[in-house]
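Chemist: Turn this into a structure:
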Amino acid sequence: MSERPVSVPRNLLSIQSWVSYGHVGNAAAIFPLQRLGFEVWGVHTVQFSNHTGYGAWTGSVFPPELIAELLDGIEARGVLGSCAGVLSGYLGSAGTVAAVVEAVRRVRSVNPAALYCCDPVMGDVGRGVFVHPDLPAVIAAQALAAADIVTPNQFELELLTGMTVETLDHALAAAHALRERLHAGGPRIVLVTSLNRTDAPAETIETLVVTDTGAWLCRTPLLPLEPPRNGTGDAIAALFYGQYLRTGRADEALSLAMSALYAVLERTHTAGTREIQLVAAQDDLATPQRMFPAEPLA
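Modeler: Down below sits the predicted model:
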């Protein structure tokens, strides 16, 4: 089942936050994409010393106008037509959302086949909504409408759809509802991460992907990482996006991405560190040694 030609340009634009220490935002997304063979043009929306989960950090939030300014410079090189797509993560303001959507428009204007993958970073179980209260509605109205692929966690899926997700049937219904809001010209793929449903096997965690041709579920053991490690959502969005561009198959991309992320988290657990071990597990990013299958759902 081929959903998309695999002979795509090897250049991607990634618009996310950046930290000097550790791995979240672009610092969690760029390296995995590079290990998958992509040239990544990173545009950073913030520059912080470390992720905010530590409770203290230094650095600055960049104005939305910077995104347009940097796109001007990239466009002046005459290379936007070779860009396979855009990946976005944490968008801290309505102005940044608008700037990212405009970046997608500009890339598509010279490469209509470019795909936009939106990771709608807004909140999580236990933390609740951690963006401005008005921002989820802005992301839903603007970013989702432009996105071909969207990668919410279970909490964000509920927030975006207004639907409660407790079972697999709930998750499928919510994912299909969200698909209807995505860019009509694209594959309309929803990847639901950190799925923790009541009808799942104990001590496991799952990721669900839903497309117009089917749905697949990938399950891995639940590693005892407390607190949950920051950057895992950024990494899985990048891994899935990159593998989908490489393979043209949502099921294969899901299996490869989840297998790679599990290897990263296993290394992180063994090392006992707060930061995900992307560099230590770099060989598994491209070629995971332990594979977890993507099971088709009837």
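Chemist: which residue is nearest the centroid of the protein?
Modeler: A237 (2.4 Å; Cα atoms, centre = their mean).
Chemist: Work out for me the element that one sits within.
Modeler: Secondary structure assignment for A237, by DSSP states H and E: helix 232-247.
Chemist: what's the offset of the next helix-or-strand element following that helix from the middle of its chain?
Modeler: Next along the chain after helix 232-247, taking DSSP H and E as the criterion, comes helix 250-271. Its chain's C-alpha centre and that of helix 250-271 lie 14 Å apart, by Cα atoms, centre = their mean, to the nearest Å.
Chemist: Could you figure out how far helix 250-271 is turned away from helix 232-247?
Modeler: 140 degrees (axes from the mean of the first three to the mean of the last three Cα atoms, to 10 degrees).
Chemist: helices or strands up against helix 250-271?
Modeler: Here helix 250-271 touches strand 204-210, strand 215-221, helix 232-247, helix 282-286, strand 294-296, going by 3 or more Cβ pairs under 8 Å, 6 or more residues apart in numbering; DSSP states H and E. Yep, even glycine has a C-beta here, placed from its N, CA and C like the rest.
Chemist: Redo those as TSV? Include distance to S82.
Modeler: Shown next, in TSV, are the helices and strands packed on helix 250-271 (distance: least, Cβ to Cβ, whole Å):
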stretch	distance to S82
strand 204-210	27
strand 215-221	31
helix 232-247	13
helix 282-286	22
strand 294-296	30
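Chemist: nearest to I67, of the ones you listed?
Modeler: helix 232-247 (17.7 Å; Cβ to Cβ).
Chemist: Count residues in the vicinity of D169, would you?
Modeler: The burial count assigned to D169 is 11, neighbours taken as other Cβ atoms under 10 Å.
Chemist: so it sits in a helix?
Modeler: Yes: D169: assigned to a helix according to DSSP: H, G, I helix; E, B strand; the rest coil.
Chemist: Quick check: phi and psi on I15?
Modeler: Main-chain dihedrals, I15, degrees, to the nearest 10: phi -110, psi 110.
Chemist: Check the contact between it and V40; I expect there is one.
Modeler: No: under the criterion of Cβ atoms under 8 Å, I15 lies out of contact with V40, with a separation of 10.8 Å.
Chemist: The two: who's more crowded?
Modeler: It is I15, of I15 and V40, that has more neighbours when counted by other Cβ under 10 Å, with 25 against 20.
Chemist: how about the strands of the protein, start to end?
Modeler: Applying DSSP state E to the chain gives strands spanning 11-19, 39-48, 59-61, 83-88, 115-118, 123-124, 128-129, 149-150, 189-195, 204-210, 215-221, 294-296.
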